[in-house]
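A.B. asks: Give the three-dimensional model of this entry:
(one chain, ligands or ions: 1)
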Amino acid sequence: MDFMEVISKRRAIRKYKKDPIPDEKLEKLFQALRLAPSGNNRQPYKFIFVKDENTRHEIVRRACHQDFLYDAPVLMVACCEPGRAFDTAIAVDHMVLAATNEGLGTCWVGWFERDAVREILEIDSKMEIPILVPIGYADQRPEEKPRKPIEELVKVI
Ligand SMILES: Cc1cc2nc3c(=O)[nH]c(=O)nc-3n(C[C@H](O)[C@H](O)[C@H](O)COP(=O)(O)O)c2cc1C
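C.D. replies: Predicted coordinates:
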């Protein structure tokens, strides 16, 4: 897909098929994370791809309370050093766009209980957990959401 097409086709997907994701596709998502830039090339993050159904469901039940997350076959949990959520968001966006290019749906999920995720996955208390991303085949085709006009977002001087 043309890169601008990838960007414009991405949607927040809130309905997933249960079909598993082939390992070759997951491998591309790992590479997209790996190739992202970060301050001083520090790569101050770790990404946990939760495929195990019991663990995923426990996370959704105890930490997320957003039922659409149950069906996605993978739940990616981003962890980072304190204050490094900015670098992490860049890597996660690389991954999200790579997923779109692979025909996979995703949704950024920032509303969840960090302590519960930390306990379930035994994440070090020094790491932050900025974002979760379900990944799977979309079972819906959401309309494009409205965006502000370019003139409101961009100033060229
Ligand atoms: C940082 C961040 C956190 C978000 N958290 C949630 C969330 O907890 N639950 C949810 O359903 N969507 C969440 N979203 C998805 C947004 O609602 C969605 O991206 C936005 O409405 C634009 O729609 P689009 O992604 O389809 O273009 C989040 C998005 C971002 C970028």
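A.B. asks: Tell me which stretches of this structure form strands.
C.D. replies: In the chain, the strands defined using DSSP state E lie at 45-50, 74-80, 105-106, 128-136.
A.B. asks: For the last one, what does the pLDDT average out to?
C.D. replies: What it means is strand 128-136. Averaging pLDDT along strand 128-136 yields 98.
A.B. asks: for it, the distance to its chain's centre please.
C.D. replies: Its chain's C-alpha centre and that of strand 128-136 lie 4 Å apart, by Cα atoms, centre = their mean, to the nearest Å.
A.B. asks: and the angle from that strand to strand 45-50?
C.D. replies: If you take axes from the mean of the first three to the mean of the last three Cα atoms, to 10 degrees, strand 128-136 sits at 40 degrees to strand 45-50.
A.B. asks: Near the nearest residue to residue 98 once chain neighbours are set aside, how many other residues are there?
C.D. replies: Nearest non-adjacent residue to residue 98, counting by Cβ to Cβ, 6 or more residues apart in numbering: residue 32, 3.6 Å away. C-beta coordinates here come from the backbone N, C-alpha and C atoms, glycine included. A total of 20 residues lie near residue 32 under the criterion other Cβ atoms under 10 Å.
A.B. asks: ditto for residue 124
C.D. replies: 8.
A.B. asks: who touches it in this structure?
C.D. replies: The contact partners of residue 124, by Cβ atoms under 8 Å, 6 or more residues apart in numbering, come to residue 79.
A.B. asks: Look at it and report its pLDDT.
C.D. replies: On the pLDDT scale, residue 124 gets 97.
A.B. asks: how about the strands of the chain, which one is nearest the ligand?
C.D. replies: strand 128-136 (6.2 Å; Cβ to the nearest ligand atom).
A.B. asks: pull the CA atoms of the closest one into PDB?
C.D. replies: C-alpha atoms of strand 128-136 as PDB (Å, rounded to 0.1, in the frame of the first residue of the first chain):
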ATOM      1  CA  GLU A 128       5.600   2.800  33.200                       C
ATOM      2  CA  ILE A 129       2.800   1.200  31.100                       C
ATOM      3  CA  PRO A 130       1.600   4.000  28.800                       C
ATOM      4  CA  ILE A 131      -0.600   2.200  26.300                       C
ATOM      5  CA  LEU A 132      -2.200  -1.100  25.300                       C
ATOM      6  CA  VAL A 133      -3.000  -2.000  21.700                       C
ATOM      7  CA  PRO A 134      -5.300  -4.900  20.700                       C
ATOM      8  CA  ILE A 135      -4.300  -6.400  17.300                       C
ATOM      9  CA  GLY A 136      -6.400  -8.600  15.100                       C
END
